[in-house]
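Chemist: predicted model follows, preceded by the sequence.
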Amino acid sequence: ALYQETNFNKLLPIIEIIADYIHNRQIRTEDGAFCRGDETIWADDLYMGTPFLAKYYQLTGNQDYIEDAANQFLLFKKYLFIPEYSIMSHVFDIRHGTPTYVPWGRGNGWVLFSLSEVLELLPQNHPSRAPLFEFYRELCEGYLKLQGQNGLWHQVLTDPESYAETSCTAMFTYAFAKGVRHGWMSDVKPYINAVSKAWEGLETASVDIHGNVYGVCRGSNFSYNPLYYKYDLLPIRNDTHGIGIILLAGDESVKMTEWLKNGR
């Protein structure tokens, strides 16, 4: 993004090194999914890789990169999707052949945020376009049902007694607002309401008049036990996992509101 704004050529070698690493050197499963050296697949890593691949495709026109980004979502759905809730497990443990079945808020936020970034750049004729949009809508429906009364989503999405978590709320807000604006849902009204409710909740509970950000889960490891996420992964004020995404959520919410005012 910085290179596209500035045309500062010294950035290109850095961009190319990152693209080469993600596309050609990153550890993967036999079927091509991003994984970690301890033989785990993390929902987080869709965010760590696919938006960059999609934007590198936009920069270069090389279809291999958008193909790789699109395929990651289909692979991660196979490993991490929890069909009874239409949301994602945080981690799949390759050694034991099972997901952990803990729907961590920010892990799910990263999935939907990244999918919305890739969908925005996916070519109209891409063969994975239909299944990826179906996946996006499935996830949106799952998350919509789990929004808290105060507009925020919970640290463990299916546990309303776990704390209201800011970073996942901001990412769901961003992805919902982008989907409304681009016409990705058949019925936009529930999502317009969810964005408004979420933004009001963020203003009320997550940001003070000085710009401090509250309720952001600290950086995580993973566990099969949801109590780890609920009681050990506590929020930190001004944790950097939340500041940027709140700004992006606000920007996308404003764009959605302006789109609605202009008669769509």
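Modeler: Now that the structure is in, tell me what you want to look at.
Chemist: CA atoms for contacts and neighbours, from now on please.
Modeler: OK.
Chemist: ok, now which ones touch residue 91?
Modeler: 40, 41, 42, 43, 80, 99, 100, 101, 102, 222 (C-alpha atoms under 8 Å, 6 or more residues apart in numbering).
Chemist: hmm, 7 Å instead?
Modeler: Each residue near residue 91 by C-alpha atoms under 7 Å, 6 or more residues apart in numbering is listed here: 40, 41, 42, 43, 80, 99, 100.
Chemist: list the buried residues in the helix or strand that contains residue 119.
Modeler: Using DSSP states H and E, residue 119 falls within helix 105-121. When burial is assessed from 16 or more other C-alpha atoms under 10 Å, helix 105-121 yields the following buried residues: 105-119.
Chemist: nearest to residue 172, of the contacts of residue 91?
Modeler: residue 43 (14.6 Å; C-alpha to C-alpha).
Chemist: so how far is residue 33 from the closest one?
Modeler: According to C-alpha to C-alpha, to the nearest Å, residue 43 and residue 33 sit 11 Å apart.
Chemist: for residue 175, same thing?
Modeler: Distance, residue 175 to residue 33, using C-alpha to C-alpha: 23 Å.
Chemist: these two: who's more crowded?
Modeler: Neighbours were counted for residue 175 and for residue 33 using other C-alpha atoms under 10 Å; residue 175 has more, 27 against 21.
Chemist: next helix or strand past the strand or helix carrying that one?
Modeler: Element membership for residue 175 (DSSP H and E) is helix 166-182. Counting by DSSP H and E, the next helix or strand C-terminal to helix 166-182 is helix 189-201.
Chemist: need the pLDDT of residue 38.
Modeler: Residue 38 carries a pLDDT value of 89.
Chemist: how far away is it from residue 75?
Modeler: 18 Å.
Chemist: who has more neighbours out of these two?
Modeler: For residue 38 versus residue 75, neighbours defined as other C-alpha under 10 Å are more numerous around residue 75 (16 against 9).
Chemist: which residues touch the more buried one?
Modeler: If you count contacts by C-alpha under 7 Å, 6+ apart, residue 75 has them with residue 33.
Chemist: got the phi and psi for it?
Modeler: Here is the backbone geometry of residue 75 (degrees, to the nearest 10): phi -70, psi -50.
Chemist: now do residue 98
Modeler: phi -150, psi 150.
Chemist: hang on, it packs against residue 92?
Modeler: Yes: assessed by C-alpha atoms under 7 Å, residue 98 is found in contact with residue 92 at 5.7 Å.
Chemist: give me the more crowded residue out of the two.
Modeler: residue 92 (24 against 13).
Chemist: confirm that one sits in a strand?
Modeler: Yes: judged by DSSP: H, G, I helix; E, B strand; the rest coil, residue 92 forms part of a strand.
Chemist: and it, how close does it get to residue 82?
Modeler: From residue 92 to residue 82 the distance is 11 Å (C-alpha to C-alpha).
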